[in-house]
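Participant: Kindly return the folded structure for what I paste below:
(2 chains)
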There are 2 protein chains.
Amino acid sequence: MAKKRNVYLNMQHLAEARRILFERFSSGGRWDAEAIAVLDSVGRITAAPVYARFSSPHFHAAAMDGIAVKAELTFGATPRTPKTLRTDRDTFYVNTGHVLPPGTDAVIKIEQVTDIGNHQLQIEAPAFPWQYVRRMGEDIVATELLFPSNHCITPYCLGALISGGVFQLAVRPKPRVLIIPTGSELVDWRTQSPTALAPGQVLESNAYVLGKLAEAIGCEYVHHATITDDATQIEAAVARGIRDDFDTVLICGGSSAGSHDYARQVIESLGDVLVHGVTMMPGKPVIIGAVKDRPVFGIPGYPVSAIMAYEQFVQPYLTALLGRPEPRRTRIDVRPTRKIASKLGLEEFIRVKLGRVGDQVVATSLPRGAGSITSLTQAHGIIRVPPNVDGLSGETPVPAELLGPLDAVDNTIVAVGSHDNTLDVLADLVKLRAGHVTLSSSHVGSMGGLMAVKKGGCHLAGTHLLDTTDGTYNKSYVQRLLPDLDVKLIHLVQREQGLIVPPGNPKNITGIEDLKRDDVRFINRQTGSGTRILLDYRLTQAGITADVVNGYSTEEFTHMAVAVAVLSGTVDVGLGIYAAAKALGLDFVPVVTEQYDLVIPSQYLDLKIIQILLTTIGSETFKQRVADLGGYSTAMTGQAV
Amino acid sequence: MAKKRNVYLNMQHLAEARRILFERFSSGGRWDAEAIAVLDSVGRITAAPVYARFSSPHFHAAAMDGIAVKAELTFGATPRTPKTLRTDRDTFYVNTGHVLPPGTDAVIKIEQVTDIGNHQLQIEAPAFPWQYVRRMGEDIVATELLFPSNHCITPYCLGALISGGVFQLAVRPKPRVLIIPTGSELVDWRTQSPTALAPGQVLESNAYVLGKLAEAIGCEYVHHATITDDATQIEAAVARGIRDDFDTVLICGGSSAGSHDYARQVIESLGDVLVHGVTMMPGKPVIIGAVKDRPVFGIPGYPVSAIMAYEQFVQPYLTALLGRPEPRRTRIDVRPTRKIASKLGLEEFIRVKLGRVGDQVVATSLPRGAGSITSLTQAHGIIRVPPNVDGLSGETPVPAELLGPLDAVDNTIVAVGSHDNTLDVLADLVKLRAGHVTLSSSHVGSMGGLMAVKKGGCHLAGTHLLDTTDGTYNKSYVQRLLPDLDVKLIHLVQREQGLIVPPGNPKNITGIEDLKRDDVRFINRQTGSGTRILLDYRLTQAGITADVVNGYSTEEFTHMAVAVAVLSGTVDVGLGIYAAAKALGLDFVPVVTEQYDLVIPSQYLDLKIIQILLTTIGSETFKQRVADLGGYSTAMTGQAV
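Facilitator: The predicted structure follows:
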């Protein structure tokens, strides 16, 4: 082995790690101030109390169009005993906002005044003092406190600031973050703008994601040029960052305990490692260090780990520098659609899709891997499983933190079931039709979808289940598996399933029979998927047993994953839809045309979001876009089965 | 009268007015696209579906530091029957992220490998295929949909976009808004930067507030130079805006039906007025118009009316242009601390301060006037009273829309009671100490404060109630009015009350006796305030009856309001604290030193926010800042009474 391996030093629980960070850096930071123009202050944090310079209004102002009078002249006026006022002495026409003329203290609405000619007006009701008058200082009194320190300026605040004559104010300087991407595998796509990647190359994205997250809470970031796995260079960059007075430095990558991980060594050399390793997942290999009076963080290289480490440690430090509360997410109770396993001793952050189905918000887990950035971009929320819990049952509701507004959850169509590429087209067109609605699909196979419908875990399921007794699709399965549920079966598409093979079909595969060949490596779909059922049916027809198919026991969960296995040369063939083969430029040997339907419980048919979905399915645009994918027929699309 | 008066045309209910707007402009708008760099895309809205160009990973990658092997070589390994692998043929050292060498399909963790020398490694457990391997396309498959159209890009999204090789994407152009401030009273403070204002002058702020609100949802705005009340000029500016392809034009001011209100006339001349007047308050005099295919709005001049009109009509139009849902505010149930009157037939937007007191969120109403921008900047929420409801009882909970996060409500210290300038100092220092905590004071007088404590409407009340039988403060009132409540009385300050008079004391006022003079106009404080009780006590002592005091029946609610009345020349004298006189540069005739205490129910003493308040009161900084105000003694500050 190249070098002596590190071990985690000071592995801590999340709460303890945060305590250690804040104990060291509680008082630290930028409590100086910067003067900025009021129009640039939205989103900034006041560094001192802001006092009004002018009153608003700064004069007694008419609050109605009408006549200004001295109220006592009007006392006693009634419809039976009207009072007459002289226009050349007692009254003054005023419009809303006008200065109240000297000697007057009330305004009478123009509608309540009768001009009886000869410079005389008549009124039939008395005015009380200060009636329809905005008195000087009514809204703002000069010298009064408009906003305390540590107040975040909103657009509304601008109204009070400008009205109070505050054209410039003292705000906290934006904390400055230096982010250093490290790793010999990283490609600087900004200068190279690659059209293809060599194996082993990775596009640097973490440093930008963290930088933009820091910007979003009012900080500035500098993205350092990418550094290879070289301790000397990394150390120089960190030292320079501290010298240049950055409030914190993030070393992205190399924070673990591997032979090419240098973040710990660099921080130890320049200062102290306070924490190495936190019992959280993703995010475990984080390092919290101190160089001089500044925290330096070792950020894990996997994208979700990087974001978790940032959000749990870097962000709270930055908001504290700004005198702001840590942004807290809304918590709601959700019901996981299936059991969630987790490890004792680790706090797990499970990314979930959410949607309101019936009277509950259901949570469908996304991939758990720290490398899956799409598990965050597709997530509506995060379920945190505490270290002392070893998994969630999937029955009882648990709290989830929302990543967006609750509205987004309420307006999500939850589809669980078989994967089909037309679902992407549908997701796009639904959002084009109604920007507030999202179609969120989880791929668990056709049978999994029907089970989700049964358990109330989704609004609809996509299925293509062949009844091998009569060659029909879906109907008999629904009758058998959902006997007590009133559901509607909507036809989505007919599609070609077939054998996906490399371009040029090098092994000359022509049909199911070829799967028994010794030189052919196959990849299967998971049990319960319609494609698996189709395969087993065809194998039986061909008199082929599973044990002779090379790779029968290796499973993938989507058509695209099967196509990728073929593309990458891992296997020679897989069964899947034409659209998946076409997307990756692979060849395709048709096997069967099958029917893909949506199963929708009738109780959801009247929901606005489902109506939008059905309208979209019925649209010509949908049919056209599906046709463009290839391998589909939309002749019966939208029809009830 | 200068000109024939308008009447409201097409006065509509809010929902109907919105329907009319969207019926006319449903399809309108900017559905074109603009290509931008991925790093500039945060907050932008996709104008087309975004597909991945590369897979991620785009090669099979080791997910652990260890050795890469062909899994089948390891089958059968156990602690008792270890397998030996040759390093020069069967195994390859890999670090996390490395390309899996050809022919291998699994990684064994380095910790589970024993180097037995002679190019041989021993393992005691089999590896299953794809163990610790991130397979090509595991996260992202090239050609797959990353984001649909109308998706708002977040910092997380950048990770998926860059990893998927998307360095540029098509987003919706930012809608462009032209905002024209109109009104002869407006001062362009950006060029003039006034140090004082003449009566009648108003600092233009609405157009900036609306512009920044539009920016916050992803639009651009142009702030037109201020135009006087001149129909020809306004019309030319609007016409130019439409010609220059702005998505909408806002005429700020002049939207009502007064003699100098030209917005309607301008829109009628260029196009159609669809709605003039909406049964909402504030915001009633809004105009919705159409010029060519663009909406033109007449925005009322009062700041809160302007914002309500913008939020109810302009903002939903702009978000629709972006394909986005209208931002919706979180709704929670709150209990108003007092009855809220409202007009039948008008939908009222009541701005309220909120705070969690005990197990309820209590709502204290802010000033109702449309001119009070501080009623919005101080508000945590808005209670909407529907047109068919004539007021809220103050007993039953009602829904409120939150203007900020719920956390802010939970971390608000609700103070209701007598006004004192040291509360501002306290508010500032509390927020400096703990950025997430806000001290929110409502001024209803000392007696009002005790009643609020009694009804559970606040965490604490500031009072200075003189017991005229023995000269003590507060204690006897608390015993009498809150007999069943366990409260603590914390001494805040001693302060000087006295007669506030204009600079130089032109009427030579030397004491309470002068209030009976014919030539002296007085302004009173409201019944139930400690100052009112003090006044009445002193008048009785001096043998003066209320009816001889000129202005006894005119009431103000704060010391500052009394000082403003003196400053503006409305009255000659008022009773109030020294700090108020000093703030406005007025003279002060001391009358008495009194005690100002905080009444805190014991049940709240352990709340974290109250602990922060008490620590702040006990700090030297607080005492110093109070001393700087003048007229205070802090000798007993923080002590329990």
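Participant: For the lowest-mean-pLDDT helix or strand in chain A, buried residues please.
Facilitator: Counting by mean pLDDT, DSSP states H and E, chain A has its least confident helix or strand at helix A:189-192, which shows a mean of 85. By neighbour count on 16 or more other C-beta atoms under 10 Å in any protein chain shown, the buried set for helix A:189-192 is A:Trp189, A:Arg190. All C-beta spots, glycine's among them, are computed from the backbone N, C-alpha and C.
Participant: any chance you could map the strands in the stretch 451-600 of chain A?
Facilitator: A:461-463, A:487-501, A:522-525, A:555-556, A:573-577, A:587-601 (DSSP state E, counting those that start in this stretch).
Participant: Confidence-wise, which of these is weakest overall?
Facilitator: With a mean of 90, strand A:555-556 has the lowest mean pLDDT of the strands of the stretch 451-600 of chain A.
Participant: Enumerate every residue touching the residue at the greatest distance from the centre of chain A.
Facilitator: Distance from the centre of chain A peaks at A:Asn118, with 71.4 Å (C-alpha atoms, centre = their mean). Going by C-beta atoms under 8 Å, 6 or more residues apart in numbering or on different chains, A:Asn118 touches no other residue.
Participant: roughly how far apart are it and chain B?
Facilitator: A:Asn118 sits 16 Å away from chain B, going by C-beta to the nearest C-beta, to the nearest Å.
Participant: tell me the pLDDT at that residue?
Facilitator: 90.
Participant: sorry, back to before: in a markdown table: the strands of the stretch 451-600 of chain A, plus distance to B:Ile509.
Facilitator: Conversion of the strands of the stretch 451-600 of chain A to a markdown table gives the following (distance: least, C-beta to C-beta, whole Å):
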| stretch | distance to B:Ile509 |
| --- | --- |
| strand A:461-463 | 84 |
| strand A:487-501 | 85 |
| strand A:522-525 | 94 |
| strand A:555-556 | 92 |
| strand A:573-577 | 93 |
| strand A:587-601 | 81 |
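Participant: closest to chain B out of these?
Facilitator: Distances from chain B to each of those were compared using C-beta to the nearest C-beta; the minimum, 9.3 Å, belongs to strand A:555-556.
Participant: quick one, helices of the stretch 51-200 of chain A?
Facilitator: Secondary structure of the stretch 51-200 of chain A by DSSP state H, counting those that start in this stretch: the helices cover A:155-163, A:189-192.
Participant: brain fart, the stretch 201-350 of chain A
Facilitator: Counting by DSSP H, counting those that start in this stretch, the helices of the stretch 201-350 of chain A are A:206-216, A:231-243, A:263-270, A:303-309, A:315-321.
Participant: What is the distance between the last one and the centre of its chain?
Facilitator: Chain-centre distance of helix A:315-321: 21 Å, with C-alpha atoms, centre = their mean, to the nearest Å.
Participant: mind listing what's buried in it?
Facilitator: For helix A:315-321, the buried set under the neighbour-count rule, 16+ other C-beta under 10 Å, comprises A:Gln315, A:Pro316, A:Tyr317, A:Leu318, A:Thr319, A:Ala320, A:Leu321.
Participant: Also within reach of chain B: list those from those residues.
Facilitator: By C-beta under 8 Å from any C-beta of the partner chain, the members of the buried residues of helix A:315-321 lying near chain B are A:Thr319, A:Ala320.
Participant: Adding pLDDT, write the buried residues of helix A:315-321 out as TSV.
Facilitator: What follows is those, written out as TSV (pLDDT from 0 to 100):
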residue	pLDDT
A:Gln315	97
A:Pro316	95
A:Tyr317	95
A:Leu318	95
A:Thr319	93
A:Ala320	92
A:Leu321	92
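Participant: what residues does the stretch 451-600 of chain A put near chain B?
Facilitator: Proximity of the stretch 451-600 of chain A to chain B (C-beta under 8 Å from any C-beta) is limited to residues A:Thr554, A:Met560, A:Ala561, A:Ala563, A:Val564, A:Ala565, A:Leu567, A:Ser568, A:Thr570, A:Ala583, A:Leu584.
Participant: pLDDT added to those, as a markdown table?
Facilitator: Below are these laid out as a markdown table (pLDDT from 0 to 100):
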| residue | pLDDT |
| --- | --- |
| A:Thr554 | 89 |
| A:Met560 | 88 |
| A:Ala561 | 90 |
| A:Ala563 | 94 |
| A:Val564 | 91 |
| A:Ala565 | 92 |
| A:Leu567 | 91 |
| A:Ser568 | 87 |
| A:Thr570 | 87 |
| A:Ala583 | 87 |
| A:Leu584 | 90 |
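Participant: what two of those residues have the greatest distance between them?
Facilitator: A:Thr554 and A:Ala583 (21.4 Å; C-beta to C-beta).
Participant: more crowded one of these two?
Facilitator: A:Ala583 (21 against 18; other C-beta atoms under 10 Å in any protein chain shown).
Participant: measure the nearest residue to that one once chain neighbours are set aside to A:Val573 for me?
Facilitator: Nearest residue to A:Ala583, sequence neighbours excluded (C-beta to C-beta, 6 or more residues apart in numbering or on different chains): B:Thr143, at 4.1 Å. Separation of B:Thr143 from A:Val573 (C-beta to C-beta, to the nearest Å) stands at 20 Å.
Participant: who's more crowded, the two?
Facilitator: A:Val573 (27 against 21).
Participant: What about whatever residue of the stretch 351-500 of chain A ends up closest to chain B, how many residues nearby?
Facilitator: Ranked by C-beta to the nearest C-beta, the top residue of the stretch 351-500 of chain A for proximity to chain B is A:His436, at 3.1 Å. By other C-beta under 10 Å, 20 other residues sit near A:His436.
Participant: So it sits against B:Pro327, correct?
Facilitator: No. Using C-beta atoms under 8 Å, A:His436 is not in contact with B:Pro327, being 10.4 Å away.
Participant: give me the number of residues near A:Leu629?
Facilitator: That count, for A:Leu629 with other C-beta under 10 Å as the rule, works out to 20.
Participant: Show the contacting residues for it.
Facilitator: The contact partners of A:Leu629, taken as C-beta under 8 Å, 6+ apart, are A:Asn421, A:Thr422, A:Val425, A:Ala579, A:Lys582.
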